[in-house]
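got a sequence here, can you build the structure:
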Amino acid sequence: MDVGWSKTAAIFGAWDRGNELTGEHYRGQVEPPVHAAAIKARGDMLGFIDPAANASSQIDVRKLLQIYLGLGLTLRMADNAREAGIYDVWTRLNTGRLKVFRSCKNWPDEFRIFARGENGNIIQQKFRLMAASRYLLRGPLTRWVVMERKPEPLRRHYTGIVWG
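Purely as a prediction, here's the structure:
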């Protein structure tokens with residue numbers, strides 16, 4: 001999850017012998033309760049949030065993190081190693097270990113314009129989904145939580161036959 005007023009982005013992933021980005025939340029200029037509700041609608045899961053959280057000081061980060069935690073999100077601070085994260089995403093894409101589902105509508109747009117300048121530095125733009133992808137993939141699998149699905153209760157459909 002990468003937060004900001006102009007855009008807040010969250011990327012949803014699943015691990016199945018590889019890494020897959022299964023969906024995204026990408027919206028701007030709304031308050032944290034709107035973002036939290038959209039993220040929670042996907043289910044109860046662990047997330048990683050940008051340690052900077054678009055804040056000017058560590059106190060702001062803690063406050064913003066507390067707001068999202070108070071809204072019911074389960075979050076840990078992400079590993080914000082920028083170059084290592086870019087390398088992780090790029091390597092997984094090139095080796096076929098990262099698949100991006102069609103439901104990630106904005107992800108390809110950000111990926112296409114993600115570029116480096118002549119000096120090798122990233123051309124600064126707000127790449128929220130790229131950042132969220134880095135945070136997800138830098139989160140070691142040991143920190144990922146296996147969410148067990150509760151089996152659906154058996155439902156009996158009565159067709160007018162009397163059971164006896």
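
looking at the protein, which helix or strand is least sure?
The helix or strand of the chain with the lowest confidence, counting by mean pLDDT, DSSP states H and E, is helix 58-70 at a mean of 79.

neighbouring strands - and their directions - for the helix or strand following that one?
Proceeding C-terminally, helix 58-70 gives way to strand 74-77 as the next helix or strand, assigned by DSSP states H and E. In the sheet containing strand 74-77, its partner strands are strand 46-49 (parallel), by DSSP bridges.

tell me the buried residues in the least confident helix or strand of the chain?
For helix 58-70, burial by neighbour count (16 or more other Cβ atoms under 10 Å) applies to 61, 64, 65, 67, 68. Bear in mind the C-beta positions are built from the backbone N, C-alpha and C, glycine included.

which member of the residues you listed is positioned nearest residue 74?
Set against residue 74, the nearest of the buried residues of helix 58-70 by Cβ to Cβ is residue 68 (9.5 Å).

what sits against the closest one?
1, 3, 32, 35, 36, 49, 75 (Cβ atoms under 8 Å, 6 or more residues apart in numbering).

can you tell me how far residue 13 is from residue 115?
Residue 13 sits 24 Å away from residue 115, going by Cβ to Cβ, to the nearest Å.

swap in residue 76?
Taken as Cβ to Cβ, the span from residue 76 to residue 115 is 30 Å.

these two: who's more crowded?
Between residue 76 and residue 115, counting by other Cβ atoms under 10 Å, residue 76 is the more crowded of the two (14 against 8).

looking at it, the more buried one is touching residue 48, isn't it?
Yes: between residue 76 and residue 48 there is a contact under Cβ atoms under 8 Å: 5.6 Å.
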